[in-house]
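K.L.:
Mind looking at a prediction? Sequence and model below.
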Amino acid sequence: MAEARVIPLHGADREPLGRRRGAGGAARPGPVPVPEPADPDPEPPAGWEERLADLLAFARRRLQGDYEVDEFGFDPDLTDHVLMPSLRPLYEKWFRVETIGLHNVPGEGGALIVANHSGTLPLDATMTAYAMRADHPRRRHLRMLGADLVFKTPVLGALARKSGQTLACNPDAERLLRSGELVGVWPEGFKGIGKPFKDRYKLQRFGRGGFVSAALNTGVPIIPCSIVGAEEIYPKIGDIKALARLFGFPYFPVTPFFPLLGPLGAIPLPSKWYIEFGEPIATDGYGPHAADDPMLVFNLTDQVRETIQQTLYRLLTQRRNVFLG
């Protein structure tokens with residue numbers, strides 16, 4: 001079997017993940033039906049023949065090694081044809097995600113998306129990545145920064161690398177940002193996704209502001225991102241610490257349905273989600289050594305955190321029902 005080519009980092013604009021839209025107009029009433037003007041550039045719905053052809057083309061590329069992998073292990077061909085499509089039912093049908101403020105995310109060049117973290121399992125990160133690839137006008141890939149545990153877990157670690165994730169450390173983040181990539185970080189870490197249900201939508205500490213330092217060193221904008229809906233997918237009401245230590249997890253959650261119902265308890269509840277991208281916070285006007293100023297880093301970190309928290313409160317007041325929106 002042929003080997004995949006390894007390519008250097010490049011910009012985030014690649015062949016978009018197609019989302020098919022039905023086109024065609026209704027006929028006008030009258031004795032002679034006249035079709036209404038069609039979309040000037042319609043995209044026909046993908047039939048089974050087209051899907052089969054795409055699948056066969058994908059298999060041929062994999063067998064021939066005719067695909068690209070960058071130096072972080074990111075495989076856009078696998079991501080767009082296997083990993084992203086597997087998330088579509090969750091995004092569109094189960095969580096019914098609505099995005100707000102996508103125009104605040106630049107269409108090209110480096111930028112850092114900073115979001116709140118919740119939900120016991122980090123589905124909020126994968127849904128944000130899908131939103132960028134499926135709904136952003138430029139169909140950008142989101143290069144997410146993950147914890148060590150992600151890359152130490154069998155299968156999951158390999159899939160994370162293939163989907164464009166890398167270790168949450170400043171050197172990797174800065175290399176991606178300088179190469180023009182869109183990078184995502186969830187600075188609450190396990191404290192955010194593992195917090196009890198009673199503390200939902202209350203942001204935890206943002207660490208020492210490493211993400212702000214990375215943005216300052218590269219001069220890219222910071223995009224605050226607020227996610228509502230993820231807190232309710234697995235309401236965490238307890239933690240079995242003995243099992244957490246046994247498996248090397250930061251926590252072993254107890255929810256109303258897990259582990260009581262076994263595998264069925266692992267099905268997330270179908271809450272209605274909103275993801276809002278706030279106005280960019282510029283970092284390119286602070287000078288070359290701005291990241292060495294601890295007060296500046298602290299103030300920017302606090303600004304990002306407060307922006308996300310206030311947006312969460314606003315979205316929650318506008319939400320009438322957890323499951324209906």
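P.N.:
Looks like it arrived, so ask away. Numbering: from 1, shown residues only.
K.L.:
alpha carbons only for contacts and neighbour counts from here, please
P.N.:
Will do.
K.L.:
going on from the longest strand along the chain, what's the next piece of helix or strand?
P.N.:
Counting by DSSP state E, the longest strand found in the chain is strand 222-228. Once strand 222-228 ends, the next helix or strand along the chain (criterion: DSSP states H and E) is strand 238-239.
K.L.:
what's the average pLDDT for the helix or strand following that following strand?
P.N.:
Sequence-wise, the next helix or strand downstream of strand 238-239 (DSSP H and E) is helix 241-247. In this model, helix 241-247 has an average pLDDT of 93.
K.L.:
What's the separation between Ala230 and Leu78?
P.N.:
26 Å (Cα to Cα, to the nearest Å).
K.L.:
The two: which is more packed in?
P.N.:
Comparing Ala230 with Leu78 by other Cα atoms under 10 Å, the one with more neighbours is Ala230, at 31 against 18.
K.L.:
need the contact list for the more buried one.
P.N.:
Ser118, Gly119, Leu123, Asp124, Ser271, Trp273 (Cα atoms under 8 Å, 6 or more residues apart in numbering).
K.L.:
Now for those residues, which sits with the most neighbours around it?
P.N.:
Ser118 (33 neighbours).
K.L.:
by contact count, what packs against the longest strand of the chain?
P.N.:
Packing partners of strand 222-228 (3 or more Cα pairs under 8 Å, 6 or more residues apart in numbering; DSSP states H and E): strand 111-115, strand 274-277, helix 294-318.
K.L.:
nearest to Gly210, of those?
P.N.:
Of all the helices and strands packed on strand 222-228, helix 294-318 sits nearest to Gly210, with 8.4 Å by Cα to Cα.
K.L.:
List the buried residues of the closest one.
P.N.:
296-298, 300-301, 304-305, 307-309, 311-312, 315-316 (16 or more other Cα atoms under 10 Å).
K.L.:
Export the helices and strands packed on strand 222-228 as a markdown table, with columns for distance to Gln165 and mean pLDDT.
P.N.:
As requested, the helices and strands packed on strand 222-228 are exported to a markdown table (distance: least, Cα to Cα, whole Å; pLDDT from 0 to 100):
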| stretch | distance to Gln165 | mean pLDDT |
| --- | --- | --- |
| strand 111-115 | 14 | 98 |
| strand 274-277 | 20 | 98 |
| helix 294-318 | 22 | 97 |
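K.L.:
Between these, which one is closest to Pro256.
P.N.:
When those are ranked by proximity to Pro256 (Cα to Cα), helix 294-318 comes first, at 22.5 Å.
K.L.:
My guess is Glu232 contacts Ser271. True?
P.N.:
Yes. Glu232 is in contact with Ser271 according to Cα atoms under 8 Å; the separation is 6.3 Å.
K.L.:
list residues touching both of the two?
P.N.:
In contact with both Glu232 and Ser271: Val322, using Cα under 8 Å, 6+ apart.
K.L.:
buried residues in the helix or strand that Arg61 is a member of?
P.N.:
Assessed by DSSP H and E, Arg61 sits inside helix 48-64. By neighbour count on 16+ other Cα under 10 Å, the buried set for helix 48-64 is Phe58, Arg62.
K.L.:
quick one, phi psi at Gly287?
P.N.:
Dihedral pair for Gly287: phi 100, psi 170, per degrees, to the nearest 10.
K.L.:
Quick one: the helices in the stretch 51-200 of the chain, in order.
P.N.:
76-78, 84-88, 123-134, 148-152, 156-162, 170-178, 190-193 (DSSP state H, counting those that start in this stretch).
K.L.:
Leu90 versus Ala131, what's the distance?
P.N.:
Distance from Ala131 to Leu90, by Cα to Cα: 12 Å.
K.L.:
Show me which of those two is the more surrounded one.
P.N.:
Neighbour count, other Cα under 10 Å: between Ala131 and Leu90, Ala131 has more, with 22 against 16.
K.L.:
one step back: now the helices and strands packed on strand 222-228 in a markdown table, please, with extra columns for distance to Gly194.
P.N.:
Below are the helices and strands packed on strand 222-228 laid out as a markdown table (distance: least, Cα to Cα, whole Å):
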| stretch | distance to Gly194 |
| --- | --- |
| strand 111-115 | 15 |
| strand 274-277 | 20 |
| helix 294-318 | 18 |
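K.L.:
Which of the ones you listed sits closest to Phe206?
P.N.:
With Cα to Cα as the measure, helix 294-318 is the member of the helices and strands packed on strand 222-228 nearest Phe206 (7.4 Å).
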